[in-house]
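Participant: Return a 3D structure for these sequence lines:
(chains A, B, C and D)
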Amino acid sequence: MAKITPLREAVASLVHDGDTVALEGFTHLIPHAAGHEIIRQGRRDLTLVRMTPDLIYDQMIGMGCARKLIFSWGGNPGVGSLHRFRDAVEQGWPHRLETEEHSHAGMANAYVAGASNLPFALLRGYTGSDLPKVNPNIRFVECPFTGEKLAAIPSVRPDVTVIHAQKADRRGNVLIWGILGVQKEAVLAAKRSIVTVEEIVDDLEAPTNACVLPTWAVSAVCHVPGGAYPSYAQGYSERDNSFYKAWDPIARSRETFQAWMQRHVLDTDDFAGFRRVLAESVKEAV
Amino acid sequence: MAKITPLREAVASLVHDGDTVALEGFTHLIPHAAGHEIIRQGRRDLTLVRMTPDLIYDQMIGMGCARKLIFSWGGNPGVGSLHRFRDAVEQGWPHRLETEEHSHAGMANAYVAGASNLPFALLRGYTGSDLPKVNPNIRFVECPFTGEKLAAIPSVRPDVTVIHAQKADRRGNVLIWGILGVQKEAVLAAKRSIVTVEEIVDDLEAPTNACVLPTWAVSAVCHVPGGAYPSYAQGYSERDNSFYKAWDPIARSRETFQAWMQRHVLDTDDFAGFRRVLAESVKEAV
Amino acid sequence: MSNETLDFTATEIMTVAASRLLQNGTVCFVGIGLPSTAANLARLTHAPDVVLIYESGPIGAKPTVLPLSIGDGDLALTADTVVGTPEIFRYWLQGGRIDVGFLGAAQVDRFANINTTVIGPYDAPKVRLPGAGGAPEIASQAKEVFIVLKQSPKAFVAKLPFVTSAGYLDGGDARAKAGIPGAGPTAVITDLGILTPDPVTKELTLTSIHPGVTVEQVKAATGWDLKISPDLKTTEIPDAGALAALRDLQARTAAAHGQLGGEG
Amino acid sequence: MSNETLDFTATEIMTVAASRLLQNGTVCFVGIGLPSTAANLARLTHAPDVVLIYESGPIGAKPTVLPLSIGDGDLALTADTVVGTPEIFRYWLQGGRIDVGFLGAAQVDRFANINTTVIGPYDAPKVRLPGAGGAPEIASQAKEVFIVLKQSPKAFVAKLPFVTSAGYLDGGDARAKAGIPGAGPTAVITDLGILTPDPVTKELTLTSIHPGVTVEQVKAATGWDLKISPDLKTTEIPDAGALAALRDLQARTAAAHGQLGGEG
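Facilitator: Here you go, the predicted model:
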């Protein structure tokens, strides 16, 4: 049974230094609030996993939480580069960042394999690409029936997966709809999981074949309305495209980045506090 | 784009002697009407694939359509044996039936692998079972990362898959809900597909993440209301448990079986005709 | 074996005894028939939060009457969600999320291996049984397994003609050595008693006998020289509440379907 | 390179030319940015039944404005269905159901191989680019591939520092020999013209030049000695309808998002 608990407690008890942590959400439902809380609590040496590391991983990498990144596309969608990610890879700031790089197909299959308790994922992939030359975790196996060569990569099995979803009921059953990404697989692949939700309701009112995570498959459910901001939750909020654009100049220099993180994340108590201070700083800028 | 066409024409043009054919539906949505039409058109030498061969495969096997059966559980659910299937396996009547036998987990994974265009499915399975001793298509491969031994079976890639669904729209997009079984995978694993539906509507009104087969992934859509009988279509009909019980004495002897098939299937034009004659024979029996 | 004086049938005490083994909150992968009856009885009595998963796709099914098939509509309509059959086997069973696999069987042997495939040689069977279904992977991947079936010399055989699903294989540590993850069958519940594996040899041992049944009766219904526990207990009789709930469930099922649930 | 006299910009003719290549009914796996703009323009003009699939999960998306991200809500709300990302890559792309993969790129070489990973050595990159995303498998598994990007010597390089996604590898039959199923990139559409692979050598050849552009300009924007087709055509100018539809789409997008679509 999932424990319905404040986000601060969920992160304190479920995310440890050195853990392999996946924050998932494919443009939609990115768990920004949980990412901030991990930064606030000063977690270190994390192996971060995510198909599309974007602003939240740029922040976590820039704040020194990550030792390693396993990913398939790292950018600011619709805007350009992740400057903190690039600074870590290109200049080793704030420290060296190890990377393990895949394609989306590889990562998606690795999550499926993890959720399926298989040690590796099997796919037709990476053919003709240089990725296998730089990633020793991309290997090839032979079909025992046809002799065909297929790609094999290790399953993703995080210690903790963190996602944001629309709803939970009071028992902790979780409903997700819209762009689903790999969230279900990421939760089922993990030993522990945290789900932040827009609201907690009496009845999920889920369609018969909806994407529901039963309460007994989740460790903690945390009520964090708007917790995906600047990403969005279908039916609750819109993506704040202006924040994605605003992030580019903030993250470009180490100094502006650090000042921004100090004021908006380290010096605030929680995500509601972050949103208040952000509203103030946006007003100041105008 | 799926062709919206009478079932007779769909079977005539898409199901050929010698084909590998999967009629899927897990208790729910079993495509009985299409099975009857295959029998009526006298198809021979089929390799029949189905996780749970039940009455419709008992009928097809007893009528001599099948050369081989690939399956994981063959019985009359809630009643007992399939007498025609047993007669074929035990006595070779009407002719010898080759069998390739798996577990449900194996079959389900083999459909997934087929839909994914992989030559084989990888699973943790069959350990300690005698099935690998009698099925040379159950092999074992090693994980290239951990050295673990995992089961491998060939993908299921039917020439034709046939399913029954609740709705199609006028373009041929198909909506299925409730117990989904392996139908989506079976259609996507096949070269061609036939979907019989309860109704054809202007708008599917499908929830965002519903199980929808787009028209361009289906070969033919046929309007056959009640076409799953005695199985059912959630929202449209109930399972006729009495027919499953009534089947047992009909199928027990070759003579009663043949007479029943002659009267109800061979001598009727279509599924509506079958339902009419069945209603008459049920009335006579009372 | 109906037992007039105690006012319950042998099938009823078997069902109630099986149901009692399911603890509240357990995630249970349910086979159709007797396992489904026992699991739903548990849900309606002492274990309201038991989570029932059927291989057809429903997760958290709470059927109002007993399902006659593994894919009854009531299972879908009452479930927390319904996923495809591949997902059930891949993410939920193979994923290691099932506490108890609840199985029936045509035959078991002394190490709780299961046969549901053939009687006689595989290539020329005397009786062709339905086959494996979900059992091989349920038997190996659920954290533990309960088996429920009626006891007779034809069902409890010294040597299976075919091992469809692994119990303890040749006994001792053979199961672990074969790399099978789950603990295996921890109880075989019959109409005569409850058999559990010896902690070391893994041989099925009669550890509980139903009231009114003699040890000789159980031995006579077993195709090998059945070991009897020195601490043999008498199975608690079904309490009035459980019995009433079971009969009510079956009456409702009969009224809904014109057929008793769990009899196939 | 805005072209006042012809009344369309270089980006506009590139987008319209790319859109024209998409035939009605085509199943198209769409990358965000320029590919998405061109594919949606096709859908709104000559190819109303083009099926747009985005890697985030929407199948048959019909967005009313251009998506700014690969997972905009409008894509989900207008799609025939939305599946999980694993299913997109497993059943739909790897399943062999995609007619056209529509990609952008940071760099291409003369055999239409794509780099989106690094400039400079992989372990000590001068510029760390976003990486592969869905491109390696789109490039190999779609039945054919269109690439759209602006032409410059930095983008069109003789030798890629990193091959993220396969075009024709070393040319000739290298791609087929590597066991890659799809036909590969059949067109590279730029702001200067359209390059297509030589039927035998697979070297990218300028086969269509946009009106007002000189061959010298194109050669200067290419980091190798670009082959020019002896049958070099002039790209048809955007017709008024397509141009109006594109501008209308971009104006609606700007109004909805306060930002132009397809610019990232």
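
Participant: Tell me how many other residues crowd the closest residue to residue A:213 other than its chain neighbours.
Facilitator: Among residues not flanking residue A:213 along the chain, residue A:174 sits closest, at 4.2 Å (C-beta to C-beta, 6 or more residues apart in numbering or on different chains). The C-beta positions use only the backbone N, C-alpha and C, and glycine is treated the same way. Residues near residue A:174, counting by other C-beta atoms under 10 Å in any protein chain shown, number 27.

Participant: Repeat that for residue C:108.
Facilitator: Residue C:108 has 27 neighbours, counted by other C-beta under 10 Å.

Participant: Residue of the stretch 151-286 of chain A closest to chain B, please.
Facilitator: Going by C-beta to the nearest C-beta, chain B is nearest to residue A:207 of the stretch 151-286 of chain A, at 4.2 Å.

Participant: so who does the residue nearest to residue A:213 touch?
Facilitator: For residue A:174, the contacting residues are A:2, A:165, A:167-168, A:195, A:197, A:212-213, A:215, A:218, A:221, by C-beta atoms under 8 Å, 6 or more residues apart in numbering or on different chains.

Participant: Please report how far it lies from residue A:168.
Facilitator: 5 Å (C-beta to C-beta, to the nearest Å).

Participant: go on, residue A:216?
Facilitator: 13 Å.

Participant: Walking through the stretch 101-250 of chain A, point out its strands one by one.
Facilitator: A:120-123, A:139-142, A:149-154, A:160-169, A:174-176, A:192-201, A:211-213, A:220-223 (DSSP state E, counting those that start in this stretch).

Participant: Let's have those strands in TSV, adding mean pLDDT.
Facilitator: Below are the strands of the stretch 101-250 of chain A laid out as TSV (pLDDT from 0 to 100):
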stretch	mean pLDDT
strand A:120-123	98
strand A:139-142	97
strand A:149-154	98
strand A:160-169	98
strand A:174-176	98
strand A:192-201	98
strand A:211-213	98
strand A:220-223	98
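
Participant: that older thread, surely the residue of the stretch 151-286 of chain A closest to chain B is in contact with residue B:205?
Facilitator: No: taking C-beta atoms under 8 Å as the definition, residue A:207 is not a contact partner of residue B:205, at 11.0 Å.

Participant: contacting residues around residue 150?
Facilitator: Because you didn't say which chain, this covers chain A. Taking C-beta under 8 Å, 6+ apart as the test, what residue A:150 contacts is A:122-124, A:140-143, B:118-119.

Participant: that's the other chain; I wanted chain C
Facilitator: Taking C-beta under 8 Å, 6+ apart, we find residue C:150 in contact with C:10-11, C:14, C:190-191.

Participant: burial of residue A:245, as a residue count?
Facilitator: Close neighbours of residue A:245, defined as other C-beta under 10 Å, add up to 17.

Participant: pretty sure it contacts residue A:55?
Facilitator: No: counting by C-beta under 8 Å, residue A:245 does not reach residue A:55; the two are 11.0 Å apart.

Participant: quick revisit: what's the most distant pair in the contacts of residue C:150?
Facilitator: Greatest spacing in these, by C-beta to C-beta: C:11 and C:190 (10.3 Å).

Participant: Show me which of those two is the more surrounded one.
Facilitator: Counted by other C-beta under 10 Å, residue C:11 and residue C:190 do not tie: residue C:190 has more neighbours, with 27 against 17.

Participant: And the pLDDT for that one?
Facilitator: Looking at residue C:190, its pLDDT reads 98.

Participant: Show me what the longest helix seen in chain C is packed against.
Facilitator: Counting by DSSP state H, the longest helix found in chain C is helix C:240-257. For helix C:240-257, the contact count by 3 or more C-beta pairs under 8 Å, 6 or more residues apart in numbering or on different chains; DSSP states H and E identifies helix C:10-20, helix C:34-44 as packing neighbours.
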